[in-house]
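Asks: structure for this input, please:
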Amino acid sequence: MKRKREMESSEIRSAIEELSKLAKLKPGCDDNHDDALHIPTMIFISVCNFVLQVLDKIGPTMAVLRQDIHQNIQRVELVRESDPSKFSNLVEILKKEAIEGNSRKTSSCSRALVWLTRSLDFTVALLQKLTKGSGQKMEKIVEDCYNITLKPWHGWISLTAVKVALKLVPDQKTLMDYLMAKDGNLDTLKEEMQTFVTLLAPFLENIHSTLRSYRVDRLKST
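Replies: Residues are numbered from 1 along each chain as shown. Alright, predicted model coming up:
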């Protein structure tokens, strides 16, 4: 079936708009207290939803990874909805589970945040390689990105599933066409990818730093 893109704008442009809001949401000057660190939950969720859209473009080969990301997003959304004001900050979610002693549980939101962050690492690595326009096959590009971001934390079941999926990824041109807006071109898309990566990098670093401070950054899959 032909993909319907006539009424779609570039998903990456929407993600850039969300990340651009961060400049307007700087916390107070009390940098010595973790309450001063603000990681907006809804912006984080929006960017993670962009990852889902990228995986949708890659196709059903990424179904396992997509399902995990979708479930983790839902877990974060459920906690946020329980107290939208308090949990508008991801740090409050981590703090709550740390106090309760639930951070390392399989069903914890902290664990979901760890895996979503790693998925963002994968997406950044993928977009960086695509921006450079290397002559590598798409299978090799995805595999390299997976190896440096997700593989170190996956158990053998996930490793096996990914190994099979890698053989079915679309070629690089096809993927770039899927990611491109109706009014776009390849050069514009690459510029948007680079802008997205540039905006996301400091946001991701803040998240990684926070996960380390709550000692959940080394969690592995079961």
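
Asks: distance check, the residue positioned nearest the centre of the chain against Thr195.
Replies: Centroid check for the chain by C-alpha atoms, centre = their mean gives Leu120 as the closest residue, at 2.7 Å. Distance from Leu120 to Thr195, counting by C-beta to C-beta, to the nearest Å: 16 Å. C-beta: built from backbone N, CA, C; applies to glycine.

Asks: and the lengthiest helix in the chain, which residues are buried?
Replies: Secondary structure of the chain per DSSP state H: the longest helix is helix 186-213. Neighbour-count burial for helix 186-213, counted by 16 or more other C-beta atoms under 10 Å, picks out 189-190, 192-193, 195-197, 199-200, 203-204, 206-208, 210-211.

Asks: tell me the contacts of Leu189?
Replies: Residues near Leu189 by C-beta atoms under 8 Å, 6 or more residues apart in numbering: Ser10, Ile12, Met176, Leu179, Met180, Ala181.

Asks: my guess is the second one contacts Phe196. True?
Replies: Yes. Between Ile12 and Phe196 there is a contact under C-beta atoms under 8 Å: 5.5 Å.

Asks: now for the host helix or strand of the residue nearest to the centre of the chain, which elements pack on it?
Replies: For Leu120, the host element (DSSP states H and E) is helix 109-132. Contacts defined by 3 or more C-beta pairs under 8 Å, 6 or more residues apart in numbering; DSSP states H and E place helix 109-132 against helix 41-58, helix 63-82, helix 90-100, helix 138-149, helix 172-179, helix 186-213.

Asks: distance to Val124 and mean pLDDT added to the ones you listed, as CSV?
Replies: Converted to CSV, the helices and strands packed on helix 109-132 look like this (distance: least, C-beta to C-beta, whole Å; pLDDT from 0 to 100):
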stretch, distance to Val124, mean pLDDT
helix 41-58, 10, 88
helix 63-82, 14, 91
helix 90-100, 18, 96
helix 138-149, 8, 89
helix 172-179, 14, 84
helix 186-213, 5, 92
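
Asks: Asp171 touches Lys137, doesn't it?
Replies: Yes. In this structure, Asp171 is within contact of Lys137 by C-beta under 8 Å, at 7.5 Å.

Asks: can you convert the contacts of Leu189 into CSV and add a column each for distance to Leu52?
Replies: Below are those laid out as CSV (distance: C-beta to C-beta, whole Å):
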residue, distance to Leu52
Ser10, 15
Ile12, 13
Met176, 18
Leu179, 13
Met180, 18
Ala181, 18
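
Asks: quick one: which of the residues you listed is nearest Ser107?
Replies: Ser107 has its nearest neighbour among the contacts of Leu189 in Ile12, at 31.7 Å by C-beta to C-beta.

Asks: now that closest one, nearest residue through space, not along the chain?
Replies: Glu192 (4.9 Å; C-beta to C-beta, 6 or more residues apart in numbering).

Asks: isn't the one you found right up against Arg13?
Replies: Yes. If you go by C-beta under 8 Å, Glu192 and Arg13 touch, sitting 6.3 Å apart.
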